[in-house]
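Asks: Next one to model:
(chains A and B)
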Amino acid sequence: MYFSKMLIPTLREAPSDADIISAKLMIRAGMIRKLASGLYEFLPLGLKALRKVEKIIREEMNAADGQEVTLPLMFPKELWLETGRWNVYGKELFRLKDRKEAEFCLAPTAEEGITDLVRKNISSYKQLPLMLYQFGTKFRDEIRPRFGIMRAREFLMKDGYSFHVNEADLEKYYKIMFEAYSNVCKRCGFKFRAVEAASGAIGGSFSHEFMVLAETGEEEIAHCECGYGANTEKAECLPFNSYNEETLSLEEVLTPDIGSVESVSKFLGASPEKFIKTMIYIADGKSLAVLVRGDFEINEIKLQSYLGATEVFLADENTIADITGAPCGFASPVNLKKKIRIIADLSVININNAVTGANKKDYHLKNVNAGRDYKYDESADLRKIVKGDICPRCKKGKIDFSRGIEIGHTFKLGTKYSDSMKATYLDTNGKENLMVMGCYGIGVTRILAATIEQSHDENGIIWTDNIAPFEVIIVPVNFADEKTKEVTQKIYDELTSKGLDVLIDDRDERAGIKFKDADLIGIPYRITIGEKNLVNGNIELKARKDGKDGIKLLKPEEAVAEILKIYNK
RNA sequence: CGGGGCGUAGCGCAGUUGGCUAGCGCACUCCCUUGGGGUGGGAGAGGCCGCUGGUUCAAGUCCAGUCGCCCCGACCA
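Replies: Below you'll find the predicted structure:
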């Protein structure tokens, strides 16, 4: 391919609204353009890289006995009503109507579609297990699209769904998929970590996120030396041992205009670890109180998942006053004005002689003890994990945090969808059973962005060998020179005949411009052909990741051999 | 949805106390020059100054509305 023939509109400066390095570089490199918020056009160079990622994923899915299909991008409402997700999915779901006023949604994932396909065409245990996958554009009306193609409203996803006769078979296959996903990450050249995760709107019992480690990542990962890793949304927290202090008698103290844990702690000279915060939440319209230790915060995702609620948020000032009888900052589980469900986080169940509000303006209570002074209805792990927490797995190590970009997510769905959509098969006894499902998603467009986040320098993108849009760029310093042209063509023919993608920068530009652009678009290997070295029969080979001192002077055939060796051709 | 900011050429920006043909750099076309890390010079092409309405002799500039974009804030591949 000739550079002059390909649409690669490189830019010296990135548009001012590009917010992260990968978006800036992709736009500058002429790979993508933005059409509107969260909507991007892929230009030839960008699409070429995207196809390379697709190829890797496809190979791994096929190796795991997956079969490729394509489902519609648009689904009728009825299918989504069956699983209840039409109502549960919320504002993120793009909805539309046809000319007959029939309602549809644009697929954010395709559990409904695939389950419908399978229930209509699979009826016997003999046809299981089955894994179907597709590459499809997915739509999500994000609250705030940002970070270029990292969080777009329309993106390319590989979504796969597996169907099994029972949990044990799903378990077996889940491990195979876990390996396949690890392979995809490795082949893309990622530094990554697979962590336990919350299932969100997809549902199911258990899930793993594949995180590309990057400081710019949106996700926070809690991990331990023992190998435990989890999204902080999900990471489990252990209860604390009892303080075993002698129980003192309840005391009311005046704390004028002092509401926050920090200020009351200072005022009373008591550690926040002795405080019980009483948070009033509204879950699907019902109010409840959640108790957590003063120095911790509630993890609303854990709470929502524990309650099985679709919507959870903190109550407003008026509701708090109505329930506790006091303004915000003075709530207590002791003598709540209105009787509501009280859930205690594991961090508070062993605190004796605690400090709480008094459900009365400007007053707090000291020496509060569960059982004697108040009762909670139930206890659960509902708080946010913090750095230094004891690891919930090995129970020894201390938790540390890292940041990551979520590029893949695997779920054990169980029978959530097969149950609501009646996807069944007949077993050897002729008895009807629900299929057990798994589902597996990879953000294909996001992989591209994640790669660049993890691999770039001040001059541009540095593609890893496997997903570079071109493996080699040949830069003839002066393409008008006959000898240069001849050598260029010869090298090009030899490399392309082995199946490599090679770009020739045939433009009548100065060498500097060609080098700058080659660095910007990040092609892994550059062959420079100039009259200066050609008189001795030499050309230059340079890896993008190396600096100028990495330039090797070689004979054309040596350079070709070296590149073919790198790519195992 | 709340708070803050911005819409002027493909990209980056100036111009905003109302005033005459709306400017600069990069990119684009042509000529000369240069020719191994974004040469130098010259001549060009390209704008409903986001949109609608108002104030005015006169609006990119003032007023109102509206749309779009970005940033900061609680469910995501």
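Asks: and the gap between the closest residue to A:Ile566 other than its chain neighbours and A:Val472?
Replies: On the basis of C-beta to C-beta, 6 or more residues apart in numbering, the spatially nearest residue to A:Ile566 that is not a chain neighbour turns out to be A:Asp465, at 6.8 Å. Bear in mind the C-beta positions are built from the backbone N, C-alpha and C, glycine included. According to C-beta to C-beta, to the nearest Å, A:Asp465 and A:Val472 sit 10 Å apart.
Asks: go on, A:Ile442?
Replies: For A:Ile442 relative to A:Val472 (C-beta to C-beta), the value is 27 Å.
Asks: Report how many residues lie close to A:Ser305.
Replies: Residues within reach of A:Ser305, counting by other C-beta atoms under 10 Å, total 18.
Asks: do the same with A:Gly530
Replies: 17.
Asks: next one: A:Ile301
Replies: 18.
Asks: contact partners of stretch A:88-99?
Replies: A:74, A:77, A:80, A:85-86, A:103-106, A:108, A:139-143, A:201, A:310 (C-beta atoms under 8 Å, 6 or more residues apart in numbering).
Asks: Among these, which ones are in strands?
Replies: In strands, defined here by DSSP state E, the members of these are A:74, A:103-106, A:139.
Asks: higher neighbour count, A:Ile442 and A:Val472?
Replies: A:Ile442 (28 against 25).
Asks: what bridges to that one?
Replies: A:Lys158, A:Gly408 (DSSP bridges).
Asks: In contact with it, which residues are there?
Replies: By C-beta under 8 Å, 6+ apart, the contact list for A:Ile442 reads A:57, A:157-159, A:181, A:184, A:210, A:407-408.
Asks: for A:Pro556, phi and psi?
Replies: When quoted as degrees, to the nearest 10, the phi and psi of A:Pro556 stand at phi -50, psi -40.
Asks: Can you get me a residue count around it?
Replies: 19.
Asks: Mind telling me what element the residue nearest the centre of chain A is part of?
Replies: Ranked by distance to the mean C-alpha position of chain A (C-alpha atoms, centre = their mean), the top residue is A:Glu406 at 2.3 Å. Using DSSP states H and E, A:Glu406 sits in strand A:400-414.
Asks: Pull out the buried residues from that strand.
Replies: A:402, A:404-414 (16 or more other C-beta atoms under 10 Å).
Asks: ok, now stretch A:144-161?
Replies: So, applying 16+ other C-beta under 10 Å, buried residues of stretch A:144-161: A:145-161.
Asks: Just the ones of these in strands?
Replies: Those of these lying in strands (DSSP E): A:154-161.
Asks: now, which of the residues you listed lie close to RNA strand B?
Replies: Among these, proximity to RNA strand B is found for A:155-157 (C-beta under 7 Å from any atom of the strand).
Asks: would JSON lines of the residues you listed with pLDDT and distance to A:Leu336 be doable?
Replies: Putting these into JSON lines (pLDDT from 0 to 100; distance: C-beta to C-beta, whole Å) gives the following:
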{"residue": "A:Phe155", "pLDDT": "94", "distance to A:Leu336": "46"}
{"residue": "A:Leu156", "pLDDT": "95", "distance to A:Leu336": "51"}
{"residue": "A:Met157", "pLDDT": "96", "distance to A:Leu336": "46"}
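Asks: Which one of the residues in the stretch 251-400 of chain A is closest to RNA strand B?
Replies: A:Glu311 (4.4 Å; C-beta to the nearest atom of the strand).
Asks: in chain A, which segments are predicted with low confidence?
Replies: Low-confidence segments of chain A, defined by pLDDT under 70, span residues A:199-205, A:243.
Asks: Pull out the buried positions in the helix or strand where A:Phe267 lies.
Replies: Using DSSP H and E, A:Phe267 falls within helix A:261-268. By neighbour count on 16+ other C-beta under 10 Å, the buried set for helix A:261-268 is A:261, A:264-265, A:268.
Asks: Kindly report the residues of the stretch 401-550 of chain A close to RNA strand B.
Replies: A:406-409, A:441-443, A:445-446, A:459, A:477-478, A:508-513, A:515-520, A:528-534, A:540, A:542, A:548.
Asks: so which of the buried residues of helix A:261-268 are also by RNA strand B?
Replies: Answer for the buried residues of helix A:261-268 near RNA strand B: none qualify (C-beta under 7 Å from any atom of the strand).
Asks: any chance of those residues in TSV, plus distance to A:Arg28?
Replies: Shown next, in TSV, are these (distance: C-beta to C-beta, whole Å):
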residue	distance to A:Arg28
A:Val261	48
A:Val264	53
A:Ser265	51
A:Leu268	57
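Asks: what residues does the stretch 51-200 of chain A put near RNA strand B?
Replies: A:90, A:109, A:138, A:140, A:142-147, A:149-152, A:155-157, A:198, A:200.
Asks: can you do 6 Å?
Replies: By the rule C-beta under 6 Å from any atom of the strand, the part of the stretch 51-200 of chain A lying against RNA strand B is A:143-144, A:146, A:150-152, A:155, A:157, A:198, A:200.
Asks: Please flag which of those residues sit within helices.
Replies: Among these, DSSP state H puts none in helices.
Asks: Please produce a markdown table containing these, extended by distance to A:Val334.
Replies: Formatted as a markdown table, those follow (distance: C-beta to C-beta, whole Å):
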| residue | distance to A:Val334 |
| --- | --- |
| A:Ile143 | 38 |
| A:Arg144 | 40 |
| A:Arg146 | 44 |
| A:Met150 | 47 |
| A:Arg151 | 44 |
| A:Ala152 | 49 |
| A:Phe155 | 50 |
| A:Met157 | 50 |
| A:Ala198 | 32 |
| A:Gly200 | 35 |
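Asks: From what I see, A:Leu365 and A:Asn353 are in contact.
Replies: No - contact criterion C-beta atoms under 8 Å: A:Leu365 and A:Asn353 do not qualify, at 10.4 Å.
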